[in-house]
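Participant: how would this look folded up:
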Amino acid sequence: IVSALYGSYVVSNVLKWHWWRFNGEGYFWGMLSGIIPALVFPIFTDTLDLYYFPVILLISIAGSIIGTYTAGPTDDDTLMEFYKRTRPWGFWKPIKEKVKQEDPGFEENNAFGRDMFNVLIGTIAQTLLVVIPFYIILRENVPLIISCVILIISVVILKKNWWDKIKTEPNITRKN
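Facilitator: Okay, the predicted model is just below:
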């Protein structure tokens, strides 16, 4: 189930962070155009869901792009505020230029490598949060201890390399 549905929601959830023109219509149609084949393909095929993942992914990409252009772009003020707060990477050049016109001292996000490293460590930590309860239930003590140690190391890395950096980076304001 996950392998089939993954193709339906990955596109919309990646585009929303990386493409300034992507909007709610694109998100909706990208999700819908991926979920429908993910539900229908198993009825008409005897293959593993994983094999038609690329087809679902392509259908979802088409639905996302077509859906995005069925509606107008999000207003510039909203996009500029989002860009200033999150400083995403990707295809944001028109919005980035408007932000820099408004605030010439604005610094874009140049920490792509660090951010990708943090995503990797975060994925490991999140996976361990799923695995650890299984080891507890199965009473697998050695894998449990190893998983807990790796989780603690991951949390420490994320604290130092992600959380602490958020507080000190320019142009980031945190609402409490």
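Participant: report the longest helix in this protein, please.
Facilitator: helix 112-138 (DSSP state H).
Participant: list the buried ones in that helix?
Facilitator: Asp115, Asn118, Ile121, Ile124, Ala125, Leu128, Val131, Ile132, Tyr135 (16 or more other Cβ atoms under 10 Å). C-beta coordinates here come from the backbone N, C-alpha and C atoms, glycine included.
Participant: Break down this structure into its strands, ranges please.
Facilitator: In the chain, no segments count as strands under DSSP state E.
Participant: pLDDT-wise, which helix or strand of it ranks last?
Facilitator: Ranked by mean pLDDT, DSSP states H and E, the weakest helix or strand in the chain is helix 164-168, scoring a mean of 75.
Participant: can you give me the helices in the chain?
Facilitator: Using DSSP H, helices in the chain cover 2-18, 24-44, 53-69, 76-86, 93-102, 112-138, 141-158, 164-168.
Participant: From Phe44, how far off is Lys98?
Facilitator: 47 Å (Cβ to Cβ, to the nearest Å).
Participant: now swap in Glu140 and tell me
Facilitator: 41 Å.
Participant: So which of those two has more stuff around it?
Facilitator: Glu140 (14 against 6; other Cβ atoms under 10 Å).
Participant: Once you drop chain neighbours, what's closest to the more buried one?
Facilitator: Phe134 (8.0 Å; Cβ to Cβ, 6 or more residues apart in numbering).
Participant: Tell me the confidence at the one you found?
Facilitator: Per-residue pLDDT puts Phe134 at 96.
Participant: Could you do Glu169 as well?
Facilitator: Predicted confidence (pLDDT) for Glu169: 56.
Participant: go on, Glu108?
Facilitator: Taking Glu108 on its own, its pLDDT is 86.
Participant: dump the residue contacts of it.
Facilitator: Residues near Glu108 by Cβ atoms under 8 Å, 6 or more residues apart in numbering: Arg87, Lys96.
Participant: Now it. Its backbone dihedrals?
Facilitator: Backbone torsions of Glu108, given as degrees, to the nearest 10, read phi -80, psi 170.
Participant: That one and Leu58: what is the separation?
Facilitator: In terms of Cβ to Cβ, Glu108 sits 31 Å off from Leu58.
Participant: And for Phe106?
Facilitator: In terms of Cβ to Cβ, Phe106 sits 37 Å off from Leu58.
Participant: nearest residue to Lys16 other than its sequence neighbours?
Facilitator: Phe22 (5.6 Å).
Participant: What of Ala62?
Facilitator: Ala62's closest residue in space is Ser33 (Cβ to Cβ, 6+ apart), at 6.8 Å.
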